[in-house]
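Dropping the sequence and predicted coords here.
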Amino acid sequence: MSQFVGAIDQGTTSTRFMVFDHGGNEIARHQLEHEQILPQAGWVEHNPTEIWERTRAVIETTLTKANLTAADLAAVGVTNQRETTVVWNRRTGRPYCNAIVWQDTRTDKIAADLERAGHGDTIRRKAGLPPATYFSGGKLRWILDNVPGVAEDAERGEALFGTTDTWLIWHLTGGIDGGVHLTDPTNASRTMLMDLETLDWDPELLSLFGVPRAMLPDIVPSSNPGLFGKTLASGPFHGEVPLAGVLGDQQAATVGQVCFRPGEAKNTYGTGNFLLLNTGEELVRSKHGLLTTVAYQFGEQKPVYALEGSIAVTGSAVQWLRDQLGIISGAAQSESLAAQVQDNGGVYFVPAFSGLFAPYWRSDARGVIVGLSRYSTNAHLARATLESICYQTRDVVNAMQADSGVELDVLRVDGGVTANELCMQIQADFLGVPVSRPVVAETTALGAAYAAGLAVGFWSSTDELEQNWQQDKRWEPALDEQQRERGYARWKKAVERTLNWIDLDE
């Protein structure tokens, strides 16, 4: 009998393959980074072929290290960076261009023109999203307009579109030799092209973006035993394994954190921050700058929805300290450097490198560092960077409470930044509520494994998954209310300084 479930976690900066047992415990993993291609200011790209090669490598290496074969896996789930847009040729399997990453802002004029033409309300009503550079629809329109041959091939059904889940599933199930062209509602709900109520591509939205239906994948439930197909024996698994679950990365983390009840919320700290609140089968339309999205759909059950606050730059701000400024040698050093000072010394850093996402949605914003004096040191900047992660989360929590009426009593957290214990203490201080980290911090891959395992009966129900969740550490707020509110007021002033920097008509 197969004892394990595997999960492919294709993220913004790296790809990993992880294997979990029935208790949700990690058995093995391997992870590889891929290149971040930055052709010009505001553009962020990935090489889809490199991502597929890295995916093959991490699967084969993990199985070899753990002495496992395809027969040991009951199923495999896939989770992925959402919105990142890949277009490739059905016959050759070759991408027409680099993938345009979710952080990319080249489509700001497309988004602004849709809003100015009065289409923003239609997109919000049907897709649950504002017209913004973040989402796939504008990126796909840009490729159709700017990459030679794509528009013509798309009309003939030869050019295929997908987010990275679709790209990988197509390869894993055969590629040019019969690979399936599918996605799930969580990823489709991030395109501005899917109707949240019907869970299908919407003709009016496709018309607004000028996207041919023939190039889009079919949308199937996030967890199902047969629709995604099986891996090829000639592929990286060297055997057939059911591909039984697909979830966008933040929805996968919601499942991994077992937030199955309305009112339960989690926050994932990765390249960006993504806070999701389960709203059940109710489709709650935000009035305070949040996104309405599909949390998951298991089999033939009704979809479960969520409110989401998406923040573009959090963990990648720490990466910026390392790669662009060179003031730290690794992410872990940000904690020790920031701990050298008791506070930020009056320094505030708003890392609006890709504009501001939730709850502001301002693509004209750019990053600022304010409050500098001769007293300021690199330690103050490191602390301001950690604080920016936590202040942006508070912005989203405030909006979420206004939309839902739900007051958080605890925030479940996961992702790489949660290893930074100073940052998690700052988060509890700035929110005024406890912060709880689970034993398995990499809940994104775990959620994909859960979706796949539920589909094939490896786990019997979500109740069984809830029993797997265990707390690793909890941080209690230790900042008094006056200090908390004074610091937040200054943060809001710093945010104002980022606005109107880019002229979208240029």
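Noted; the coordinates are in hand.

what pLDDT does the closest residue to I59 other than its chain neighbours get?
Distance criterion CB to CB, 6 or more residues apart in numbering; nearest residue to I59, sequence neighbours excluded, is P236 at 4.0 Å. Yep, even glycine has a C-beta here, placed from its N, CA and C like the rest. In this prediction, P236 carries a pLDDT score of 92.

I figured P236 hits T61, correct?
No. Applying CB atoms under 8 Å as the test, P236 and T61 come out as separate, 9.5 Å apart.

So for those two, which sits in the more crowded spot?
P236 (22 against 17; other CB atoms under 10 Å).

Angles on the backbone of the more buried one, please.
Dihedral angles of P236 (phi, psi; degrees, to the nearest 10) stand at phi -70, psi -20.

where do the helices sit along the stretch 1-150 of the chain?
48-65, 108-116, 120-127, 136-146, 150-155 (DSSP state H, counting those that start in this stretch).

of those helices, which approaches A99 most closely?
Taking CB to CB, helix 48-65 is the member of these nearest to A99, at 5.0 Å.

roughly how far out does that closest one sit from the chain middle?
Mean C-alpha position of helix 48-65 versus that of the full chain (CA atoms, centre = their mean, to the nearest Å) differs by 20 Å.

for it, packing partners?
Applying 3 or more CB pairs under 8 Å, 6 or more residues apart in numbering; DSSP states H and E, one finds that helix 48-65 contacts strand 4-10, strand 14-20, strand 26-33, helix 164-172.

ok, back up a step: would you mind measuring from the residue nearest to I59 to S14?
16 Å (CB to CB, to the nearest Å).

Equivalent analysis for T498, please.
For T498, the distance to S14 (CB to CB) stands at 28 Å.

the more surrounded of those two?
Using other CB under 10 Å, the more surrounded residue of T498 and S14 is T498, with 20 against 15.

In space, what's closest to the more buried one - neighbours in sequence excluded?
Of all residues not flanking T498 in the chain, A365 sits nearest, at 4.1 Å (CB to CB, 6+ apart).

which SS class is the one you found?
coil (DSSP: H, G, I helix; E, B strand; the rest coil).

Please give me every residue in contact with it.
Taking CB atoms under 8 Å, 6 or more residues apart in numbering, we find A365 in contact with V350, A352, G355, L356, T498, L499, N500, W501, I502.

what about the fifth one, distance to C423?
Going back to what we said before, that points to T498. 21 Å.

same check, this time on T85
31 Å.

likewise K109?
Applying CB to CB to K109 and C423 gives a distance of 36 Å.

of these two, who's got more company?
The neighbour comparison of K109 against C423 (other CB under 10 Å) goes to C423, with 26 against 15.

so that one is in which element?
helix 421-431 (DSSP states H and E).

what pLDDT, on average, does that helix get?
pLDDT averaged over helix 421-431 gives 96.

mind checking how far that helix is from the chain centre?
So, by CA atoms, centre = their mean, the centroid of helix 421-431 is 22 Å from its chain's centroid.

how far is the helix or strand that it is followed by from where the chain is centred?
Counting by DSSP H and E, the next helix or strand C-terminal to helix 421-431 is strand 435-438. Remark: strand 435-438 is offset 19 Å from the chain centroid, using CA atoms, centre = their mean.

The following helix or strand past strand 435-438: how far from the chain's middle?
Using DSSP H and E, the helix or strand that directly follows strand 435-438 along the chain is helix 443-456. On the basis of CA atoms, centre = their mean, helix 443-456 sits 16 Å off its chain's mean C-alpha point.

Repeat that for stretch 349-362.
Centre-to-centre, stretch 349-362 and its host chain are 16 Å apart (CA atoms, centre = their mean).

tell me how far the ends of it are from each other?
Stretch 349-362 has an end-to-end distance of 17 Å (CA to CA, to the nearest Å).

secondary structure class for F349?
What three-state DSSP gives for F349 is strand.

which residue sits closest to it in space, ignoring its chain neighbours?
Going by CB to CB, 6+ apart, F349 has A384 as its nearest residue, at 4.2 Å.

and the next element down the chain from the stretch of helix or strand the one you found belongs to?
Using DSSP H and E, A384 maps to helix 378-404. Downstream of helix 378-404, the first helix or strand assigned by DSSP H and E is strand 411-414.

Neighbours of the closest residue to S14 other than its chain neighbours, how many?
With CB to CB, 6+ apart as the measure, E33 is the residue that lies nearest to S14, at 4.4 Å, once sequence neighbours are left out. Close neighbours of E33, defined as other CB under 10 Å, add up to 10.

Would you mind measuring from E33 to T418?
In this view, E33 and T418 are 20 Å apart by CB to CB.

do the same with G226
Between G226 and T418 the computed distance is 36 Å (CB to CB).

what do you get for N224?
N224 is 31 Å from T418, by CB to CB.

what do you get for Y348?
Counting by CB to CB - Y348 and T418 are separated by 23 Å.

give me every residue that touches G120.
The contact partners of G120, by CB under 8 Å, 6+ apart, come to L114, P130, P131.

which residues touch the closest residue to the first one other than its chain neighbours?
So that's L114. Taking CB to CB, 6+ apart, and ignoring the residues beside it in sequence, L114 has P131 as its nearest neighbour in space, at 4.3 Å. For P131, the contact set (CB under 8 Å, 6+ apart) comprises I110, A111, A112, L114, E115, H119, G120, I123, G138, M192.

Need the max-distance pair from those.
Farthest apart among the contacts of P131 by CB to CB are A112 and M192. That separation is 14.0 Å.

neighbour count winner among these two?
More crowded of A112 and M192, by other CB under 10 Å: M192, with 30 against 18.

and the more buried one, what element?
Using DSSP H and E, M192 sits in no helix or strand.

looking at it, it is touching G137, isn't it?
Yes. Between M192 and G137 there is a contact at 3.7 Å, judged by CB under 8 Å.

can you list residues touching both of the two?
Residues touching both M192 and G137 comprise L205, F209, with contact defined as CB under 8 Å, 6+ apart.

Wait, A399 touches G289, no?
Yes. A399 lies in contact with G289 (CB under 8 Å); the separation is 5.3 Å.

list residues touching both of those two?
With CB under 8 Å, 6+ apart, A399 and G289 have common neighbours G309, A358, P359.

Produce a ChimeraX select command limited to the buried residues of the residues you listed.
Filtering the shared contacts of A399 and G289 down to the buried ones (16 or more other CB atoms under 10 Å) takes a single ChimeraX command:
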select :309,358,359
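
So which of the shared contacts of A399 and G289 are in strands?
Of the shared contacts of A399 and G289, the ones assigned to strands by DSSP state E are G309.

now the shared contacts of A399 and G289 in CSV, with distance to Y450 and pLDDT?
CSV is the format used below for the shared contacts of A399 and G289 (distance: CB to CB, whole Å; pLDDT from 0 to 100):
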residue, distance to Y450, pLDDT
G309, 23, 91
A358, 26, 88
P359, 29, 93
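
Dump the shared contacts of A399 and G289 to a markdown table, plus distance to N98.
As requested, those are exported to a markdown table (distance: CB to CB, whole Å):
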| residue | distance to N98 |
| --- | --- |
| G309 | 28 |
| A358 | 26 |
| P359 | 30 |
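
any idea of the pLDDT on L168?
L168 is given a pLDDT of 97.

what does T173 give?
At T173, pLDDT is 94.

need the contact list for the closest residue to it other than its chain neighbours.
Distances taken as CB to CB, 6+ apart put G229 closest to T173, at 4.3 Å, once the chain neighbours are dropped. Residues counted as contacts of G229 (CB under 8 Å, 6+ apart) are I169, T173, V180, L243.
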